[in-house]
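Enquirer: Structure for this input, please:
(one chain, ligands or ions: 2)
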Amino acid sequence: MSQFKRTGEARSSDVIGTAVDFVLFGALGDLSQRKLYPALYQLDREGLLDDDTRLLGVARYELDDDGFRGKVEAALKQHVKSAELDRAAVKRFLARFTYCRLDFSTPEGYQAIRDWRQAGSVRPMVVYLAVGANLYGDICRHLEASGSLDERSRVVVEKPIGHDLVSSGEVNDAIGAVFPESRIYRIDHYLGKETVQNLIALRFANPLFGTQWNQNHISHVEITVAEKVGIEGRWGYFDQAGQLRDMVQNHLLQLVCLIAMDPPANLDADAIRDEKVKVLKALKPFTDDMLGRDVVRGQYIAGTADGASVPGYLEEEGANTESHTETFVAMKTGVANWRWAGVPFYLRTGKRLPEKLSQIIIHFRQQPHYIFDPDQRALAANKLVIRLQPEEGIALEVLTKDSGLDKGMRLRRGPLHLDFNSAFPKSRIPDAYERLLLEVMKGQQYLFVRRDEVEHAWRWCDSLIDAWQDRDEAPRRYPAGSWGPVASIAMITQDGRSWYEDY
Ligand SMILES: NC(=O)C1=CN([C@@H]2O[C@H](COP(=O)(O)OP(=O)(O)OC[C@H]3O[C@@H](n4cnc5c(N)ncnc54)[C@H](OP(=O)(O)O)[C@@H]3O)[C@@H](O)[C@H]2O)C=CC1
Ligand SMILES: O=C1O[C@H](COP(=O)(O)O)[C@@H](O)[C@H](O)[C@H]1O
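Expert: Ligands and ions are numbered 1, 2, ... in the order given. Coordinates of the predicted model:
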């Protein structure tokens, strides 16, 4: 598995064999501009794009190569820190691009991709679909019919894969009719985040945690993925989805899998994915009595973000004022197996919360017999805090004696802290897309989601969505800038616990 990468420290083994012909559908869309060009540029700047790698941007606007390169350059200026925009690196990066104008939904014009490929390339082709899932089937079919693909071509697809189990099956069937599973790369960008990958190292390289990672030693697990942003002009998409589909079905469940899975036999993609699927299959199904007690849906109303007033969800541009779509969800769930029996997993995620914060807290059990100050009893347990963003790092909360002659045996809680930025000061923590793009170019699938993972995740979410639909209850309101509906706090306090607040 790849380790931390530092600027300027590219090793030749990172690039050997990674030369590809990279075709980007949706080359003028939001994802390409905000995420994919910056990520590809950073790889190039760090010497991780093979000299022979070529890039083809495909979109439906009339542009020539230079006009298109101008758009890519503008995207870099907007989305890459100016200190990281090196003139020579930008020039080299832009020179890799060719542009192709195409309406993706019709077969006409796809020969241009075949011709571009056939200009002497021996490299595998990576087709990145930065477009809505409704186009995945058409594009795959037209690529195949035009003779643009060969037995090494790979396809990268974005989330969401469908809207539920049935529609995800249709999308996967359409892609699978052209590409075998071994050449389909389903992105969940959380799997590209440095700390998320570090979960695998933390759990399976440290005997200390390996022996403690079960219901004998862990009392509960808490996962918070809080977003400060609202729906950012994406009302049309978001209102059809809601926070459960947008964030839980993919990102949060992937985090649950990495926390809860059994050790894989090795680091092969399928060894890891087999273990993740077992977790998804063991997720506790929702029953009617759990709905009112263990699940909270919320929707933000007007409030503040960074001290400024912001509108509520129903006042956002394009909003339908009747919408019951949730922008927040909190739930208590669990993994019904030997390792996790009786260990609640508390999940919460929402938009327009006070800050951007993603963290996992592993709460260890208390000692069986307590001998210190009775008033400090609640303190006396270890917590492992795994911070994904904003500052990536891992802290283990331990108890020590409070120093000072007057303190007796009073306990003090303090972190053993590994902050990646200060521990590896020369490192630039790469964006998730950099890692993921590099792995696609290497042909490694361990950071990508297999079809059965997607489908088991949908199956579990569908049962909750169906129950919500039957009830048709309005979500609970919460002001923008708060930590969600009060009921989400009550949900965890009913178990004598609270959300971790040492932000
Ligand atoms: N943006 C993001 O941050 C994220 C996006 N995603 C996923 O990535 C994918 C792309 O999203 P995003 O970039 O936001 O979407 P955009 O709508 O911004 O980009 C899609 C692009 O595809 C083009 N397009 C659509 N239909 C055709 C067609 N028939 N022929 C040619 N071009 C066409 C659009 O052109 P036109 O503008 O002319 O319609 C647009 O430029 C989606 O699946 C999304 O769910 C996932 C996570 C985050
Ligand atoms: O996939 C998505 O993720 C983002 C949050 O990603 P992050 O890396 O900024 O945590 C979310 O805002 C968006 O709605 C969702 O589609």
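Enquirer: Leaving out the residues flanking it, which one is nearest to the most centrally placed residue in the chain?
Expert: For the chain, the residue nearest the mean C-alpha position is Y190 (2.1 Å; C-alpha atoms, centre = their mean). Closest residue to Y190 apart from its sequence neighbours, by C-beta to C-beta, 6 or more residues apart in numbering: H251 at 4.2 Å. (Glycine included, C-beta is placed from N, CA and C.)
Enquirer: looking at it, that neighbour is touching V225, isn't it?
Expert: Yes. Because the distance of 6.5 Å satisfies C-beta atoms under 8 Å, H251 is recorded as touching V225.
Enquirer: Give me the common contacts of those two.
Expert: Residues touching both H251 and V225 (C-beta atoms under 8 Å, 6 or more residues apart in numbering): T349.
Enquirer: Looking at stretch 313-324 now, give me its mean pLDDT.
Expert: For stretch 313-324, the mean pLDDT works out to 93.
Enquirer: An error on my part: the question was meant for stretch 253-265.
Expert: Averaged across stretch 253-265, the pLDDT comes to 98.
Enquirer: Quick check: the residue nearest to Y190 is in a helix.
Expert: Yes. Per DSSP: H, G, I helix; E, B strand; the rest coil, H251 lies within a helix segment.
Enquirer: Look at the spatially closest residue to R352 that is not a sequence neighbour and say how many residues are nearby.
Expert: Spatial nearest neighbour of R352, excluding adjacent residues (C-beta to C-beta, 6+ apart): A480 at 3.9 Å. Around A480 there are 22 other residues, counting by other C-beta atoms under 10 Å.
Enquirer: list the contacts for A480?
Expert: The contact partners of A480, by C-beta under 8 Å, 6+ apart, come to 230, 300-305, 310-312, 352.
Enquirer: so how far is the helix or strand where Q469 lies off the chain centroid?
Expert: For Q469, the host element (DSSP states H and E) is helix 451-471. Offset of helix 451-471 from its chain centre (C-alpha atoms, centre = their mean, to the nearest Å): 19 Å.
Enquirer: Over to stretch 161-174?
Expert: Centroid displacement of stretch 161-174 relative to its chain, using C-alpha atoms, centre = their mean, is 19 Å.
Enquirer: do the same with stretch 481-492
Expert: Mean-position distance between stretch 481-492 and its chain equals 23 Å (C-alpha atoms, centre = their mean).
Enquirer: Just the buried positions in that stretch, please.
Expert: 481-485, 488-489, 491-492 (16 or more other C-beta atoms under 10 Å).
Enquirer: and if you look at stretch 361-371?
Expert: Across stretch 361-371, burial judged by 16+ other C-beta under 10 Å covers 361-364.
Enquirer: Which of those residues fall in strands?
Expert: If you go by DSSP state E, the buried residues of stretch 361-371 have 361-364 in strands.
Enquirer: ok, those residues vs ligand 1, which is closest?
Expert: Using C-beta to the nearest ligand atom, I361 comes nearest to ligand 1 of those, at 25.9 Å.
Enquirer: how much space is there between the closest one and ligand 2?
Expert: 17 Å (C-beta to the nearest ligand atom, to the nearest Å).
Enquirer: likewise L31?
Expert: In terms of C-beta to the nearest ligand atom, L31 sits 10 Å off from ligand 2.
Enquirer: Look up which helix or strand that residue falls in, please.
Expert: Assigned by DSSP H and E, L31 belongs to helix 30-31.
Enquirer: And for E439?
Expert: Applying DSSP H and E, one finds E439 within helix 432-442.
Enquirer: Sort out which residues of that helix are buried, please.
Expert: Going by neighbour count (16+ other C-beta under 10 Å), the buried part of helix 432-442 is 432-441.
Enquirer: Near ligand 2, which residues of this structure? Just list them.
Expert: When proximity is defined by C-beta under 6 Å from any ligand atom, the chain lies next to ligand 2 at 189, 227, 246, 358.
Enquirer: please redo it, this time with the cut-off set to 8 Å
Expert: Within the chain, the positions adjacent to ligand 2 are 159-160, 189-190, 193, 225, 227, 229, 231-232, 234, 238, 241, 246-247, 250-251, 351, 356, 358, 388-389, 432 by C-beta under 8 Å from any ligand atom.
Enquirer: Can you turn the buried part of those residues into a PyMOL selection?
Expert: Entered in PyMOL, the line below selects the buried ones among the residues of the chain next to ligand 2, by 16+ other C-beta under 10 Å:
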select buried, resi 159+160+189+190+193+225+227+231+234+238+241+246+247+250+251+351+358+388+389+432
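Enquirer: Next step: the residues of the chain next to ligand 2 restricted to helices.
Expert: In helices, defined here by DSSP state H, the members of the residues of the chain next to ligand 2 are 238, 241, 432.
Enquirer: for the second one, what are its contacts?
Expert: In other words, A241. 160, 163, 325.
Enquirer: Tell me if stretch 458-465 is near ligand 1.
Expert: No. Figure legend: stretch 458-465 not in contact with ligand 1 (C-beta under 8 Å from any ligand atom); closest approach 15.4 Å.
Enquirer: And stretch 344-357, by the same measure?
Expert: No. For stretch 344-357, no contact with ligand 1 is found by C-beta under 8 Å from any ligand atom; the gap never falls below 13.7 Å.
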